[in-house]
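Novice: sharing a sequence plus its predicted fold:
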Amino acid sequence: MADIIEMIREDHSLIRRLLDDLERHPDVRDIRYITLKRELQMHMHAEEATIYQRLLIDIPDAIGRSIEEHNRIRLLLGKLDTTPLGNEVWTQHLGELRSSIEDHFDGEEDLLLKRAADILSQVDRYEMYEQFQMEKGVMAQYTR
Ligand SMILES: [Fe+2]
Ligand SMILES: [Fe+2]
């Protein structure tokens, strides 16, 4: 059965793969960066609109920290957008983005998703999966 917790883990794997690709294939960096940015924005928005809202009462500190981490990731995407693609500073920002994303995903997987698995029923997990997909679709219209 479709499940929001599995969906989030799959998104994390996809984004980790995109980061690897981006570092390994500098020649097609432009198109891969656009894909990475789009996936990240859809993922962060969908989390904020679904699972973060749902867990806010149970783990407010962790959710607050996660939102701050999303905002740091958004800030770094903005820096990459305004730096000429591929120059040294750009590569430096990409390194910062990568470690911010990795720390954030590790934290979510170690705490947030485990907590979610304790709290949410199978039906919740299915319904939130549907909602998560819908929110990604909404965000897809605004990202490019
Ligand atoms: Fe997140
Ligand atoms: Fe996430």
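Specialist: On my side now, so go ahead. Ligands and ions are numbered 1, 2, ... in the order given.

Novice: C-alpha from now on. contacts and neighbour counts both.
Specialist: Noted.

Novice: pLDDT at residue 85, what is it?
Specialist: Taken from the predicted model, the pLDDT recorded for residue 85 is 87.

Novice: thought it was touching residue 30?
Specialist: Yes. The criterion here is CA atoms under 8 Å, and residue 85 meets it with residue 30 at 7.3 Å.

Novice: show me what the host helix or strand of residue 33 packs onto, helices and strands only.
Specialist: Element membership of residue 33, judged by DSSP states H and E, is helix 29-49. The contact analysis (3 or more CA pairs under 8 Å, 6 or more residues apart in numbering; DSSP states H and E) places helix 29-49 against helix 4-24, helix 60-81, helix 122-140.

Novice: so which bits of the host helix or strand of residue 102 are buried?
Specialist: Assessed by DSSP H and E, residue 102 sits inside helix 88-107. Going by neighbour count (16 or more other CA atoms under 10 Å), the buried part of helix 88-107 is 90-91, 93-94, 97-98, 100-102, 104-105.

Novice: need those in a markdown table with distance to residue 11 and pLDDT, can you?
Specialist: Shown next, in a markdown table, are the buried residues of helix 88-107 (distance: CA to CA, whole Å; pLDDT from 0 to 100):
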| residue | distance to residue 11 | pLDDT |
| --- | --- | --- |
| 90 | 24 | 92 |
| 91 | 23 | 91 |
| 93 | 22 | 94 |
| 94 | 19 | 94 |
| 97 | 17 | 97 |
| 98 | 15 | 97 |
| 100 | 16 | 98 |
| 101 | 12 | 98 |
| 102 | 13 | 97 |
| 104 | 13 | 98 |
| 105 | 10 | 98 |
